[in-house]
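Asks: Turn this into a structure:
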Amino acid sequence: MRLALKFVLVLAAVLIAACGGGGSAQQGLSPQVIAAAAPAVATSSVSASAAADLLMDAAEVGYPALFPGHKATQSYAPFAFRYYPETGMYIGVVITPSGNYRLNGVYLVGSGFGTLASPQDVGLVTDYLAVTINPPPGNVWDIALYPKSDFRDVQYLNGKFYAVNSTGSIVVSNDGLSWVAVRTPASQLTAITYANGKFVAVGFGDTVITSLDGETWVRPTWAPEHPDGGFSGVAGGAGRFVATTGSTVFGSADGETWTDVTPQGSPYIGRVAYGNGVFVAVDSEGLTPLYVSSDGVTWTPHALAYEAGARDVTYGNGIFMVVTSGGIWTSADGLTWTNATQGLSGPRLSFSSGHFFLISGDVKSSEDGRTWKTVYSKLDVSNPLMGAAASADRIVVAGFGALLQQSADLTTWTSVVQGPNAQFTKVDAMNGTFVAVTAGGGIWHSADGKQWSRASTAITTILKGVTHGNGLFVAVGYGGAVLTSPDGDHWTQVAAEANAYLLTVTFGNGQFVAGGFDGYMLTSPDGTHWTRTGSNVLVNVADIAYGNGRYVALGSSQTIVSSIDGRTWTVTPLGAGWLEAITYGSSGFVAVGSNGIVATSADGLTWSARDSTTTGDLLGVAFGAGQYIAVGAYGTMVASQDAVHWQTRDSGVSTYLYGACLTADTFVAVGTWGAIVDSTH
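Replies: Residues are numbered from 1 along each chain as shown. Prediction:
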């Protein structure tokens with residue numbers, strides 16, 4: 001397409017007037033002439049910086065008397081700009097959010113236009129370019145690596161696999177091999193179903209979420225009240241949904257509005273299934289193990305011969321199946337039951353693609369409930385299995401300990417979980433490569449913040465900090481661990497203080513500075529040779545940042561530890577609450593901590609408290625692309641352009657986030673259970 005560069009009205013009039021009208025080289029130039037100066041591009045959707053370059057390129061062609069020759073684009077936050085010494089003109093575009101200037105605004109400085117202190121606003125880029133400008137990073141976050149935690153259910157629904165876990169994640173796969181996480185408004189999920197043209201997933205507390213396509217999930221405004229820990233089962237059919245909590249049964253016609261439909265007698269109904277026109281719910285503790293309903297509202301109790309409790313129920317191949325402590329029972333209508341198998345038991349049953357699955361210490365499969373074969377054996381009995389599901393050519397099993405495995409032949413099983421089941425502690429970026437360190441799960445790297453690989457060098461050390469400088473990544477951790485890498489993939493461990501428990505590292509003024517427990521402070525010019533400093537620092541050092549000619553560290557006991565050279569340190573009481581992380585940006589130092597504390601300082605010595613708009617614990621903070629981003633407990637995320645005014649952001653996860661890194665076009669945040677989220681707009 002051709003970009004229609006429309007220097008119409010405001011800018012055209014300003015430029016022509018500035019050239020003195022008649023006699024100017026620009027006299028008679030029209031918007032159409034300027035449009036002809038716009039380059040042809042392959043897409044109408046570009047980044048803010050690319051749009052700025054397009055506009056300034058065309059301005060040079062259309063108005064050479066004002067903008068002579070082609071000048072290099074420079075940056076001075078929040079502007080991308082070009083300077084023309086022959087005419088004293090500046091043309092600039094705001095490419096990062098700023099409290100003082102309009103994002104994507106075009107500004108002029110020069111004779112008759114404005115000053116550097118007060119440039120003239122002549123409109124937005126989109127007033128002149130027929131182009132869609134991608135918003136800056138930090139507004140919309142995607143899940144690059146989902147939190148792993150305990151998988152509590154897996155189902156094959158509407159042609160896809162769906163697995164849910166106790167961090168609120170739903171991961172989806174077409175084939176059982178490649179899985180993607182979808183955003184949910186839930187924190188902990190336990191079960192999922194599809195019926196009546198709608199997905200419904202339930203979880204701890206009052207969690208019920210719904211989706212029409214399995215990708216976009218919403219949480220109804222209705223919130224059930226019940227005394228136990230949350231939902232344990234859900235089923236649907238014939239225009240109704242039923243969800244169970246153990247003490248209460250809820251019914252709904254749409255998955256949005258729910259009513260209490262608990263049978264009389266206060267049964268302990270934990271699981272439910274639908275088939276052949278009826279719902280069947282099971283009571284795991286009562287003398288009457290079964291309850292049957294044709295409408296999901298009115299229930300009739302049914303007994304099983306010599307059985308006092310039922311653990312789970314499912315429906316498939318034209319029959320209901322119930323597992324008790326003593327065996328397997330089947331029924332075509334939910335009313336008349338036959339003991340199909342004695343001696344088999346387990347906590348979970350499921351059905352998909354023509355197969356029943358009995359989940360206990362292993363997974364057994366059957367088509368009729370009478371003949372069973374073991375299809376999956378688990379050696380690690382400390383993490384229980386919770387579910388199994390099958391497509392026409394693949395079986396997937398799920399369980400605690402982030403277990404999600406698949407097999408096509410029932411012999412070879414492989415994990416489909418991406419990333420470590422470990423806590424990411426910090427993340428950094430250099431030369432287009434992101435590096436994230438973990439507490440015992442190795443080092444991971446990425447070229448785009450979305451696709452992550454484990455570093456080639458095997459590392460099991462607990463790492464707490466990472467930074468870069470002089471073309472080198474440096475990571476630090478427990479046991480005095482210091483590792484260096486030129487590329488984020490290959491790492492070398494160097495000798496440091498073996499007794500040090502290092503928590504943080506930064507780079508500034510030509511040297512690396514690391515800190516940790518008991519006041520350990522180390523400096524290095526090259527990341528390899530380290531010297532201990534700060535013998536007077538007796539507090540734990542949680543984080544360090546460099547800016548405005550000063551190293552500033554957060555000490556325990558509400559203290560600030562600062563130094564000009566990294567060798568001589570001053571400990572100053574702060575009294576601003578427990579601070580966890582610090583960074584430096586265009587508005588100075590920003591420190592964050594417990595209960596949503598945000599404190600700012602221009603020099604690292606005098607601090608002011610700010611309203612972060614959250615009371616959640618903030619555990620990490622970073623600056624980039626004109627923004628501060630702070631992250632913390634339960635996926636908390638807040639952002640600010642000036643460090644004073646903060647706005648909440650939806651991180652897409654409910655796990656703790658401990659670190660963030662912001663580059664010009666990609667933001668990344670990392671946290672527990674191997675969670676990584678990223679933003680490019």
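Asks: what sits against the residue lying closest to G510 once chain neighbours are set aside?
Replies: Leaving aside its sequence neighbours, G510 sits nearest to P525 (C-beta to C-beta, 6 or more residues apart in numbering; 6.9 Å). For every residue, glycine as well, the C-beta is placed using N, CA and C. Counting by C-beta atoms under 8 Å, 6 or more residues apart in numbering, P525 touches 510-512.
Asks: Likewise for Q451?
Replies: A144.
Asks: same check, this time on W179
Replies: 161, 163, 171-173, 404, 416, 418.
Asks: Present these as a markdown table; the columns should include pLDDT.
Replies: Below are these laid out as a markdown table (pLDDT from 0 to 100):
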| residue | pLDDT |
| --- | --- |
| F161 | 98 |
| A163 | 97 |
| V171 | 96 |
| V172 | 97 |
| S173 | 97 |
| L404 | 95 |
| V416 | 95 |
| Q418 | 89 |
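Asks: For the contacts of P525, which single residue is the most surrounded?
Replies: Comparing these by number of neighbours (other C-beta atoms under 10 Å), F512 comes first, having 27 neighbours.
Asks: ok, that one touching V466?
Replies: No. With contacts counted by C-beta atoms under 8 Å, F512 stays clear of V466, the gap being 11.1 Å.
Asks: what touches both of these two?
Replies: Residues touching both F512 and V466 by C-beta under 8 Å, 6+ apart: 474, 505.
Asks: Retrieve the pLDDT associated with the residue nearest to G510.
Replies: With respect to pLDDT, P525 scores 96.
Asks: D380: what's it in contact with?
Replies: G401.
Asks: T533 too?
Replies: Counting by C-beta under 8 Å, 6+ apart, the residues that T533 touches are 521-523, 566-569.
Asks: Just put these in CSV and tack on secondary structure, neighbour count and distance to V242.
Replies: Shown next, in CSV, are the contacts of T533 (DSSP: H, G, I helix; E, B strand; the rest coil; neighbours: other C-beta atoms under 10 Å; distance: C-beta to C-beta, whole Å):
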residue, secondary structure, neighbour count, distance to V242
M521, strand, 26, 61
L522, strand, 23, 61
T523, strand, 19, 64
G566, coil, 25, 64
R567, coil, 16, 68
T568, coil, 12, 69
W569, coil, 23, 63
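Asks: Pull the most distant pair out of those.
Replies: Between any two of the contacts of T533, the greatest separation by C-beta to C-beta is 14.2 Å, found for L522 and T568.
Asks: Stretch 390-398 spans what distance, first to last residue?
Replies: Distance between the two ends of stretch 390-398: 12 Å, counting by C-alpha to C-alpha, to the nearest Å.
Asks: Next: stretch 368-384.
Replies: Using C-alpha to C-alpha, the span of stretch 368-384 from its first residue to its last is 25 Å.
Asks: For it, give the mean pLDDT please.
Replies: For stretch 368-384, mean pLDDT is 87.
Asks: same deal with stretch 540-556?
Replies: Rounded mean pLDDT across stretch 540-556 is 95.
Asks: how about low-confidence regions in the chain?
Replies: 1-44, 99, 223-228, 266, 286, 306, 379, 381, 576 (pLDDT under 70).
Asks: got the residue ranges for the helices in it?
Replies: Ranges of helices within the chain are 10-18, 31-37, 48-62, based on DSSP state H.
Asks: helices or strands up against the longest one?
Replies: Going back to what we said before, that points to helix 48-62. Secondary-structure packing of helix 48-62 (3 or more C-beta pairs under 8 Å, 6 or more residues apart in numbering; DSSP states H and E): helix 31-37, strand 79-84, strand 89-94.
Asks: for the second one, packing partners?
Replies: It stands for strand 79-84. Using 3+ C-beta pairs under 8 Å, 6+ apart: strand 79-84 touches helix 48-62, strand 74-76, strand 89-94.
Asks: right, so the ones you listed: which one is the most enclosed?
Replies: The highest mean neighbour count among those, using mean count of other C-beta atoms under 10 Å, belongs to strand 89-94: a mean of 25.
Asks: CA-only coordinates of that strand, as CSV, when you get a sec.
Replies: Taking Å, rounded to 0.1, in the frame of the first residue of the first chain, the C-alpha atoms of strand 89-94 are listed here in CSV:
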residue,chain,number,x,y,z
MET,A,89,14.9,23.1,12.9
TYR,A,90,13.8,20.1,14.9
ILE,A,91,11.0,17.7,14.1
GLY,A,92,10.1,15.1,16.7
VAL,A,93,7.5,12.4,17.4
VAL,A,94,6.5,11.1,20.8
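Asks: Run me through the strand neighbours of it, direction for each.
Replies: strand 79-84 (antiparallel), strand 105-109 (antiparallel) (DSSP bridges).
Asks: sorry, back to before: could you dump the helices and strands packed on strand 79-84 to a markdown table with distance to G575?
Replies: Converted to a markdown table, those look like this (distance: least, C-beta to C-beta, whole Å):
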| stretch | distance to G575 |
| --- | --- |
| helix 48-62 | 40 |
| strand 74-76 | 36 |
| strand 89-94 | 37 |
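Asks: right, and the strands paired with strand 89-94 - which one's nearest S601?
Replies: Minimum separation from S601 across these (C-beta to C-beta) falls at strand 79-84, 25.0 Å.
Asks: tell me which residues in that closest one are buried?
Replies: 79-84 (16 or more other C-beta atoms under 10 Å).
Asks: Nearest to S557 among the residues you listed?
Replies: The nearest one, if we look at those relative to S557 and count by C-beta to C-beta, is F79, at 41.8 Å.
Asks: Can you spell out the domain ranges of the protein, please?
Replies: Domain assignment for the chain by automatic domain parsing gives 10-133, 230-415, 424-679.
Asks: Comparing those domains, which comes out most buried?
Replies: Most buried of the domains of the chain, by mean neighbour count (mean count of other C-beta under 10 Å): domain 424-679, with a mean of 21.
Asks: Tell me how far the residue nearest to the spatial centre of the chain lies from Y656.
Replies: In the chain, the C-alpha nearest the mean C-alpha coordinate belongs to V677, at 3.0 Å (C-alpha atoms, centre = their mean). Distance check for V677 against Y656: by C-beta to C-beta, to the nearest Å, it reads 12 Å.
Asks: Would you agree G534 is in contact with W569?
Replies: Yes. In this structure, G534 is within contact of W569 by C-beta under 8 Å, at 4.3 Å.
Asks: got any residues that touch both of the two?
Replies: With C-beta under 8 Å, 6+ apart as the test, G534 and W569 both reach 521, 561, 563.
Asks: Off-centre distance for stretch 594-601?
Replies: When distances are taken as C-alpha atoms, centre = their mean, to the nearest Å, stretch 594-601 is centred 22 Å away from the chain's centroid.
Asks: Would you work out how far apart the start and end of it are?
Replies: The first and last residues of stretch 594-601 sit 18 Å apart, counting by C-alpha to C-alpha.
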